[in-house]
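>>> dropping the sequence and predicted coords here.
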Amino acid sequence: MPSSIDAAFALDDLRMIREVRALDARRRYEEAEQAARTYTDPNLSAEGLERRRAEMRDRARAALAEDVAELERTAARAADTVRRAAAAAGQGPTDPSEALLAEMRQSRAWDRARLLLESGRPVGEVIASADLDTLRALRAELPAYLTAQTERPAGTEGESWTEVDTAAVARTVEKTLADRLPGDQGAALRSRLELEAIEPGLTVTLAGLRRLADGVAVEGDGLRTAIEARLADGAARATLPTAPAA
């Protein structure tokens with residue numbers, strides 16, 4: 001079973017794919033495509049020259065397709081390593097009696113947290129002041145609770161309604177939990193959270209390369225891919241403010 005150290009190395013692999021290897025693959029393709037576009041040979045007819053250029057473009061796309069496939073395989077292995085390390089470190093009590101006691105503590109913790117929320121305490125403050133049992137309870141209960149409490153109002157009141165960002169809520173709880181957990185448990189959870197922050201932008205980046213390899217990328221696709229990847233990064237890292245009010 002992979003350790004938190006293995007997870008850290010796997011995250012480094014994912015960052016390298018996103019920040020270096022994907023860019024290198026795109027650069028090699030663009031150089032090969034440029035060479036095909038400008039290739040000339042006075043011994044070839046116009047038709048022969050176009051066939052040669054087409055062959056060069058096909059080879060460039062095939063090489064890029066191989067690069068993308070390798071990057072996808074490496075990314076999948078790294079992500080699996082992080083998830084398995086987090087799952088191993090985050091296992092709850094295996095003894096039935098201990099598991100029952102933990103469940104009872106978390107149930108009582110959720111009851112207390114719900115009372116705070118119903119009294120008007122901001123969600124971020126409840127999370128920031130929570131102990132481990134409460135954080136585990138919030139992780140299990142809070143997103144569904146907030147969704148149920150913020151249903152869209154009927155009529156014109158619903159026009160300005162904004163759906164609660166339960167993903168940001170869950171990330172805030174888990175980030176706080178990771179900071180409170182000891183040793184490998186906290187490190188493994190932080191690694192999983194970092195994986196979840198990296199993956200969306202990486203997926204967009206590799207999809208852009210795949211379009212190039214498949215010959216379906218349109219003009220401006222590289223810039224569009226870069227923008228979409230940055231937006232995905234921002235969305236994947238969104239959390240709630242947790243500092244208690246002054």
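Perfect, thanks for sending it.
>>> which strands and helices sit next to the helix ranked longest in the chain?
As assigned by DSSP state H, the longest helix anywhere in the chain is helix 46-89. The helices and strands touching helix 46-89, judged by 3 or more CB pairs under 8 Å, 6 or more residues apart in numbering; DSSP states H and E, are helix 4-16, helix 22-38, helix 183-214. For every residue, glycine as well, the C-beta is placed using N, CA and C.
>>> quick one: name whatever helix or strand follows it.
As assigned by DSSP states H and E, the chain's next helix or strand after helix 46-89 is helix 96-118.
>>> buried residues in that following helix?
Arg105, Gln106, Ala109, Trp110, Ala113, Arg114, Leu116, Leu117 (16 or more other CB atoms under 10 Å).
>>> residue contacts, the third one?
Contacts here follow CB atoms under 8 Å, 6 or more residues apart in numbering; on that basis Ala109 touches Ala130, Asp131, Asp133, Thr134, Arg136, Ala137.
>>> try it again at 7 Å.
Ala109 sits next to Asp133, Thr134, Ala137 when contact means CB atoms under 7 Å, 6 or more residues apart in numbering.
>>> for Val169, see how far away the last one is.
Yep, that's Ala137 we're talking about. 13 Å (CB to CB, to the nearest Å).
>>> repeat that for the second one.
Noted for Thr134: a distance of 14 Å to Val169, by CB to CB.
>>> can you get me a residue count around the residue nearest to Leu71 when sequence neighbours are not counted?
Nearest non-adjacent residue to Leu71, counting by CB to CB, 6 or more residues apart in numbering: Ile17, 5.4 Å away. Residues lying near Ile17 (other CB atoms under 10 Å) number 22.
>>> same deal with Asp13?
Using other CB under 10 Å, the number of residues around Asp13 comes to 17.
>>> remind me which helix or strand the residue lying closest to Arg114 once chain neighbours are set aside belongs to.
Spatial nearest neighbour of Arg114, chain neighbours left out: Tyr145 (7.0 Å); criterion: CB to CB, 6+ apart. Using DSSP H and E, Tyr145 maps to helix 132-149.
>>> residues in contact with that helix?
The contact list for helix 132-149 (CB under 7 Å, 6+ apart) reads 105-106, 109-110, 113-114, 127, 130, 164, 166, 169-170, 173-174, 176-177, 180.
>>> what about whichever helix or strand comes after that helix, distance to the chain center?
Downstream of helix 132-149, the first helix or strand assigned by DSSP H and E is helix 166-180. Centroid separation for helix 166-180 versus its chain: 14 Å, with CA atoms, centre = their mean, to the nearest Å.
>>> buried ones in helix 166-180?
Result for helix 166-180 [16+ other CB under 10 Å]: buried residues Ala168, Val169, Ala170, Arg171, Thr172, Val173, Glu174, Lys175, Thr176, Leu177, Ala178.
>>> in terms of contact, does the last one touch Ser191 like I think?
No - proximity of Ala178 to Ser191 does not meet the contact threshold set by CB atoms under 7 Å, at 8.9 Å.
>>> circling back to that earlier point, reformat the contacts of Ala109 as a markdown table; add neighbour count, distance to Arg53 and pLDDT.
Output for the contacts of Ala109, formatted as a markdown table (neighbours: other CB atoms under 10 Å; distance: CB to CB, whole Å; pLDDT from 0 to 100):
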| residue | neighbour count | distance to Arg53 | pLDDT |
| --- | --- | --- | --- |
| Asp133 | 18 | 67 | 94 |
| Thr134 | 23 | 65 | 95 |
| Ala137 | 24 | 64 | 95 |
